[in-house]
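Engineer: My questions concern the predicted model and sequence given below.
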Amino acid sequence: MTEYNNAIEIKDLTKRYDGFTLDKLSFNVPKGSIMGFVGQNGAGKSTTINTILNIIKPDAGSINIFGLDHIKEENTIKKDISAVFDELPFHEELNANQLNKVLKNIFSQWSTETFQGYLDRFALPSKKRFAKFSKGMKMKLQIAAALSHNAKLLIMDEATTGLDPVVRNEILDIFLEFLQDENNSILMSSHITSDLEKIADSVTFIDRGKLLLTGYKDDILSSHGIIKCSKKDYSDLDKNDIVSARLTDFGAEALISDRAACEKKYSGAVIDSATLEEIMLYYVNRDKKEWG
Amino acid sequence: MKGIMIKELFLSKKITILGLVTYLIAFIMFALVKLSILYGNIGKLPENTIKTTELTLYYIMPLGLAFILYASVMTNNTKSDIASKWNVYAYTLPLSEKQIIGASYIYNALLFAAATVINFIVYFIALGLYGDKFDYRMLFIILGIGALCFVILGLNKFFMLLFKGSTTKARTVLCCIYMGLYFGIFLCIGQYITHFYESRGYKLDDQDNWPPEASVEFEKHITRLGETIKDNLWWSVPLILIALGMLFYALSVMALRRREK
């Protein structure tokens, strides 16, 4: 495999549906990192992920994985990719032992020991039919399967959605272990931003098919802030500095995208740190500018 | 590819076992009829009736059992793949569409071969129980039944893949095709018989006045046709079925390649 810096490189990715367009999306997932792919429902996260996995065909744009074209080199690339979906993609009449036998004969680098290790760690029964698994068990099973063939890239579509915090934390720990190998990378779509805040190195926000932000999580968090002020003070703010503002009976909260500049410009103003969830919320409402 | 074949095996196991049990029960019933002929009530019937029964069973036992066996071991798991979302997951595996479809075809081809061996053995058992003279054409008919099941399997698979996610659409189209074939064949046979008699000057609305040679002539014609196929064109039957099998394989690969737009 060729040398590469980005596990995934997406350039001008376009996909048109009736009533929705994924519009010239461009971002990279750096090698050895975990990228959170954030957006509200219907933002285009699954479309993007399905296009990366070549489940759906893009109308325009290019996707390189490990520096290789994702369609021309599909079979080479897919040996080193694992996909985890929000729903179990295995037949419910199968059990873990049978799944092991199936996948062992599909992936050349499949490790039964690793798979069994994950089953033990997650306390998943190997002879119980998947139909009798809970949602959390099904997700753990998918992750066990995804991590048992020495994949270099894990692509997850809403994998932690619907899971309780204990299971989610357990799974997030596994991802961090996976990233101990600096050649491994993760692209993880989610609208549970607290998970991403915990583990992501970089974040890409999309909304209504358009890229809003992409970059290192720490840079995004440090560059954004929320000014909390009265309505009168808010009216004095330069609206160009503001992404959007939430107006309530008690005052205003405005998201700014250049915290350092605003701290100088509005000295004395209270500027709090913004969470990823707040950043998403304010960006989603950017067209309204003021909302409440 | 082997992994997909193992998956097919796991998914088909239940229905195959059920089919084999049905097969075994039917087989035992055929054997019991023979026991009844030898020692039971059927043996008390007139000799002609016994002979007719034996002749009928000589054909029904191997051909009927062949149909049960082929139909129960060759399975199509496409619907289950779609319902479980495996078909989407399969796109993320390091396998080409040819390999994914090919694995299912090879799996069914292996079962077809195994079922054929069993069916041939059963034919020889039927021959021992009810027949008197070995007829190699029976082996070809058994193979033909198997090949037909294989082609139907390919056809079903193709339409299931073509209308991915909509098994109702696939079933509707398949139902139309099978009904079309069924009535089409009747229509063609009817037209063929009409043409045969009219070209020889026989009026169809005057059948009561036809000379006895008329039906004999037709019987001879059909026998000649059968002999011609048997002696010279017998190879065309498996060839056509193999060609159809390959066609449906290619179409299934194309259907699987067709990504969501």
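Structural biologist: Received, thanks.

Engineer: Shouldn't residue A:25 be within a helix?
Structural biologist: No - in this structure, residue A:25 is strand, not part of a helix, as judged by DSSP: H, G, I helix; E, B strand; the rest coil.

Engineer: now it, nearest residue through space, not along the chain?
Structural biologist: Distances taken as C-beta to C-beta, 6 or more residues apart in numbering or on different chains place residue A:13 nearest to residue A:25, at 4.3 Å, with adjacent residues excluded. All C-beta atoms are positioned from the backbone trio N, CA, C, and that covers glycine.

Engineer: What distance do you get for the one you found to chain B?
Structural biologist: To chain B, residue A:13 is 15 Å away according to C-beta to the nearest C-beta, to the nearest Å.

Engineer: Buried residues, the regular element (helix or strand) spanning that residue. List them.
Structural biologist: Assessed by DSSP states H and E, residue A:13 sits inside strand A:6-17. Of all the residues in strand A:6-17, those buried under the rule 16 or more other C-beta atoms under 10 Å in any protein chain shown are A:6-10, A:13, A:15.

Engineer: Report all helices and strands that the host helix or strand of residue B:191 contacts.
Structural biologist: Per DSSP H and E: residue B:191 is located in helix B:167-199. For helix B:167-199, the elements it packs on are helix B:136-162, helix B:213-228, judged by 3 or more C-beta pairs under 8 Å, 6 or more residues apart in numbering or on different chains; DSSP states H and E.

Engineer: Contacts only, for residue A:34.
Structural biologist: Listed by C-beta atoms under 8 Å, 6 or more residues apart in numbering or on different chains, the contact partners of residue A:34 are A:175, A:179, A:185-188, A:199-202.

Engineer: how about the residue lying closest to it once chain neighbours are set aside, phi and psi?
Structural biologist: Leaving aside its chain neighbours, residue A:34 sits nearest to residue A:186 (4.1 Å; criterion: C-beta to C-beta, 6+ apart). The phi/psi pair for residue A:186 (degrees, to the nearest 10) reads phi -140, psi 130.

Engineer: And the pLDDT for residue A:186?
Structural biologist: Looking at residue A:186, its pLDDT is 95.

Engineer: Next: residue B:112.
Structural biologist: Note on residue B:112: pLDDT of 90.

Engineer: just residue A:195 next, same as before
Structural biologist: 84.

Engineer: hang on, isn't it packed against residue A:172?
Structural biologist: Yes - counting by C-beta atoms under 8 Å, residue A:195 touches residue A:172, with 6.1 Å between them.

Engineer: shared neighbours of the two, anything?
Structural biologist: With C-beta under 8 Å, 6+ apart as the test, residue A:195 and residue A:172 both reach residue A:160.

Engineer: Looking at the two, which has the bigger crowd around it?
Structural biologist: Neighbours were counted for residue A:195 and for residue A:172 using other C-beta atoms under 10 Å in any protein chain shown; residue A:195 has more, 23 against 17.

Engineer: If you count neighbours, what's buried in the helix or strand hosting the more buried one?
Structural biologist: Using DSSP H and E, residue A:195 falls within helix A:193-199. Using 16+ other C-beta under 10 Å as the test for burial, helix A:193-199 gives A:193, A:195-196, A:199.

Engineer: Also stretch B:200-214?
Structural biologist: Going by neighbour count (16+ other C-beta under 10 Å), the buried part of stretch B:200-214 is B:202, B:214.

Engineer: so what secondary structure elements neighbour the longest helix seen in chain B?
Structural biologist: Counting by DSSP state H, the longest helix found in chain B is helix B:2-39. If contacts are counted by 3+ C-beta pairs under 8 Å, 6+ apart, helix B:2-39 sits against helix A:96-104, helix B:47-73, helix B:97-130.

Engineer: which residues sit against the first one?
Structural biologist: Just to be clear, that refers to helix A:96-104. Under the criterion C-beta under 8 Å, 6+ apart, residues A:90, A:94, A:110, A:112, A:115-116, A:119, A:124-128, A:141, A:144-145, A:148-149, B:3-4, B:6-7, B:10 lie in contact with helix A:96-104.

Engineer: Those residues of chain A touching chain B, which are they?
Structural biologist: Listed as neighbours of chain B in chain A under the rule C-beta under 8 Å from any C-beta of the partner chain: A:50, A:53-57, A:75-76, A:78-79, A:81-83, A:85, A:87-94, A:98, A:101-108.

Engineer: try 6 Å this time
Structural biologist: A:53, A:55-57, A:75, A:78-79, A:83, A:87, A:89, A:91, A:94, A:98, A:101-102, A:105-106 (C-beta under 6 Å from any C-beta of the partner chain).

Engineer: related to what we said a few turns ago, what is the orientation angle of the helix holding residue B:191 with helix B:213-228?
Structural biologist: Calculated by axes from the mean of the first three to the mean of the last three C-alpha atoms, to 10 degrees, helix B:167-199 forms an angle of 120 degrees with helix B:213-228.

Engineer: Now tell me which helix or strand of the chain has the poorest mean pLDDT.
Structural biologist: All of this is about chain A. strand A:290-291 (a mean of 84; mean pLDDT, DSSP states H and E).

Engineer: Chain B is the one I meant
Structural biologist: Using mean pLDDT, DSSP H and E, helix B:213-228 stands out as the lowest-scoring helix or strand of chain B, at a mean of 82.

Engineer: buried ones in that helix?
Structural biologist: By neighbour count on 16+ other C-beta under 10 Å, the buried set for helix B:213-228 is B:214, B:217.

Engineer: ok, then the element right after that helix?
Structural biologist: helix B:236-257.
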